[in-house]
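Visitor: sequence first, predicted coordinates after that:
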Amino acid sequence: MADLLPEHPDFLWRNPDPKPSYDAVIIGGGGHGLATAYFLASRHGMTNIAVLERGWLAGGNMARNTAIIRSNYLWDESAAIYEHSLKLWEQLPEELEYDFLFSQRGVLNLAHTLGDVRESVRRVNANVLNGVDAEWVTPEQVKELCPIINIGDDIRYPVMGATYQARAGIAKHDHVAWAFARKCDELGVDIIQNCEVTGFLKDGNRVTGVETSRGTIHAGKVGLCGAGHSSVLAELAGFRLPIQSHPLQALVSELHEPVHPTVVMSNHVHVYVSQAHKGELVMGAGVDAYNGYGQRGAFHVIEEQMAAAVELFPIFTRAHVLRTWGGIVDVTLDASPVVSKSPVDQLYVNCGWGTGGFKGTPSAGYTFAHTIANDEAHPLNEPFSLERFETGVLIDEHGAAAVAH
Amino acid sequence: MLLIECPNCGPRDETEYHYGGEAHVPYPEDPSQLSDKEWAEYLFYRSNPKGLLAERWAHTTGCRRWFNVLRDTVTYEIKAVYAIGEPRPALQADPPQHPRGGTR
């Protein structure tokens, strides 16, 4: 029977057994881990490295996000790292030789109150000063950019305008992971799936390898890209991280004709919506309040986001929820990521991207690879160190980053 | 949605409550003596276990009282509800359903 089937398509990466030793191992085979490995290999010449993934490649948050990419953050440090990320997104399809459907269809962040309007205009001005494309648009301009939106004043929170970033957009998240994985593989990186890290080897305060479900692997350097499981990994390595893991849910409708040409986010009524290339309406909201590793959340969170979506987009009334799911997001107290050295020598940590990790994938990989290769932060991630929680130089994007966390 | 047993009002939906994060984090006895590192610990570092977590909830739409809950952060099952000031009950987390982990 099998010989009647067409040949299996080419595999995009090998599935090697782990070698006894590498120059570096990256824990976590999601977007950030793969991007880190890619930049280690392509920019720093470190090709004797491995990515260890406890499940399957890009099966965690990389498979569960809503694929939004933007860089319109308020604070200088955030604007710098996310804008760098957006510029990498613009060059990566060519560099990785993979069309992962990066679509710069623009992102609208709606304002529904006078407070929103003031915060939005302030953020637009901050963005422009930081070289990030941003503009304030009126409700009528919002309607031009997204004709299906209701800008009437007959709803509880009318649209009073929006910030608009034209270079923002979406990408096909799983293709992004495959694009990085294929290039990593070409450069000699071992991608090892079904390989769960169960402990760390140390010589004094220096990490020398990891214990895994597939045996002991020695490593000169170790990078954590464990997202929601970062605290679990850090505990195995003997230190704590200032993060809390929460469920974050998203959902899609059935397939529709193209009706939604851009990305609409609303902090105040709390929903964000785009339409995937194949036609699903993709929506997300905020995290569930409690700590959770269950990759699922409560239905009332979905109910609230659907209520907001239907009020903003009356034509969604007849759409159906096809599928809902949850991921585990690692949230810091200032809602900014950690890309940093750790208390253990040669062990580095990339975590705390919370609800915004997908858009940061290229920059996370780029700066984390620099940090691992040089044992020193890149200027872009220097402010995102663990030390900031001691010095008090926080990057408080809670409520400033155009969406609540 | 969680069904949480308020010690004063009985079982109510999660939407009636406010989450308060990790329980049993005492205010420093002598704040002026803390180093920056110790302040960071107190302000920003909280346990984030995959398994049992002792946490605070407030019944904000009911009796408006705070209480403690021992909850499994994987199954979300509530193992115990106890008063503020009481010690954490000695319970063990359930063994993981899928010891190999994986993304399920």
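Guide: Looks like it arrived, so ask away. Residues are numbered from 1 along each chain as shown, chains lettered A, B, ... in the order given.
Visitor: interface residues of chain A facing chain B?
Guide: A:54-56, A:59-60, A:63, A:194, A:196, A:213, A:229, A:231-232, A:240-245, A:289-295, A:298-300, A:332-333, A:389-392 (Cβ under 8 Å from any Cβ of the partner chain). No exception for glycine: its C-beta is placed from N, CA and C like everyone else's.
Visitor: of those residues, which belong to strands?
Guide: A:243-245, A:332 (DSSP state E).
Visitor: what's the closest of those residues to A:A37?
Guide: Nearest to A:A37, judged by Cβ to Cβ, of these is A:I243 at 22.3 Å.
Visitor: contacting residues for the closest residue to that closest one other than its chain neighbours?
Guide: In this structure, A:I243 finds its nearest non-sequential neighbour in A:D330, 4.5 Å apart by Cβ to Cβ, 6 or more residues apart in numbering or on different chains. A:D330 makes contacts with A:227-228, A:230-231, A:241, A:243-245, A:351-354, as judged by Cβ atoms under 8 Å, 6 or more residues apart in numbering or on different chains.
Visitor: name the helix or strand for A:D330, please.
Guide: Element membership for A:D330 (DSSP states H and E) is strand A:321-332.
Visitor: list the buried residues in that strand.
Guide: A:326-332 (16 or more other Cβ atoms under 10 Å in any protein chain shown).
Visitor: for it, list the C-alpha coordinates in PDB.
Guide: C-alpha atoms of strand A:321-332 as PDB (Å, rounded to 0.1, in the frame of the first residue of the first chain):
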ATOM      1  CA  VAL A 321     -15.900  29.900  16.900                       C
ATOM      2  CA  LEU A 322     -14.200  27.000  15.300                       C
ATOM      3  CA  ARG A 323     -11.400  26.400  17.800                       C
ATOM      4  CA  THR A 324     -10.100  27.900  21.000                       C
ATOM      5  CA  TRP A 325      -6.800  27.100  22.700                       C
ATOM      6  CA  GLY A 326      -4.300  28.300  25.300                       C
ATOM      7  CA  GLY A 327      -0.600  28.800  25.700                       C
ATOM      8  CA  ILE A 328       1.500  29.500  28.800                       C
ATOM      9  CA  VAL A 329       3.000  33.000  28.800                       C
ATOM     10  CA  ASP A 330       5.800  34.100  31.100                       C
ATOM     11  CA  VAL A 331       5.000  37.500  32.400                       C
ATOM     12  CA  THR A 332       7.400  39.800  34.300                       C
END
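Visitor: show the average pLDDT along the helix or strand following that strand.
Guide: Sequence order places strand A:338-341 as the next helix or strand after strand A:321-332, per DSSP H and E. What strand A:338-341 shows for mean pLDDT is 98.
Visitor: following the chain past strand A:338-341, name the next helix or strand.
Guide: In N-to-C order, the element after strand A:338-341 by DSSP H and E is strand A:347-351.
Visitor: what angle do that following strand and strand A:321-332 make?
Guide: Computed by axes from the mean of the first three to the mean of the last three Cα atoms, to 10 degrees, the angle separating strand A:347-351 from strand A:321-332 equals 130 degrees.
Visitor: list the contacts for the residue most central in space within chain B?
Guide: Nearest to the geometric centre of chain B sits B:E55, at 1.0 Å (Cα atoms, centre = their mean). The neighbours of B:E55, taking Cβ under 8 Å, 6+ apart as the test, are A:290-291, B:19-23, B:68-71.
Visitor: does it lie in a helix or a strand, and which?
Guide: Counting by DSSP H and E, B:E55 is part of strand B:52-58.
Visitor: sheet partners, orientation included, of the helix or strand just after that strand?
Guide: Remark: after strand B:52-58, the chain's next helix or strand is strand B:66-72, criterion DSSP H and E. The pairing partners recorded for strand B:66-72 under DSSP bridges are strand B:52-58 (antiparallel), strand B:78-82 (antiparallel).
Visitor: only the buried subset of the contacts of B:E55, as a ChimeraX command please.
Guide: Those of the contacts of B:E55 that count as buried under 16+ other Cβ under 10 Å are selected in ChimeraX with:
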select /A:290,291 /B:19,20,22,23,68,69,70,71
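Visitor: and the contacts of B:E55 as a markdown table, adding distance to A:E382 and pLDDT?
Guide: A markdown table is the format used below for these (distance: Cβ to Cβ, whole Å; pLDDT from 0 to 100):
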| residue | distance to A:E382 | pLDDT |
| --- | --- | --- |
| A:Y290 | 33 | 97 |
| A:N291 | 29 | 97 |
| B:Y19 | 33 | 97 |
| B:G20 | 34 | 97 |
| B:G21 | 29 | 97 |
| B:E22 | 30 | 98 |
| B:A23 | 35 | 98 |
| B:N68 | 40 | 98 |
| B:V69 | 39 | 98 |
| B:L70 | 40 | 98 |
| B:R71 | 38 | 97 |
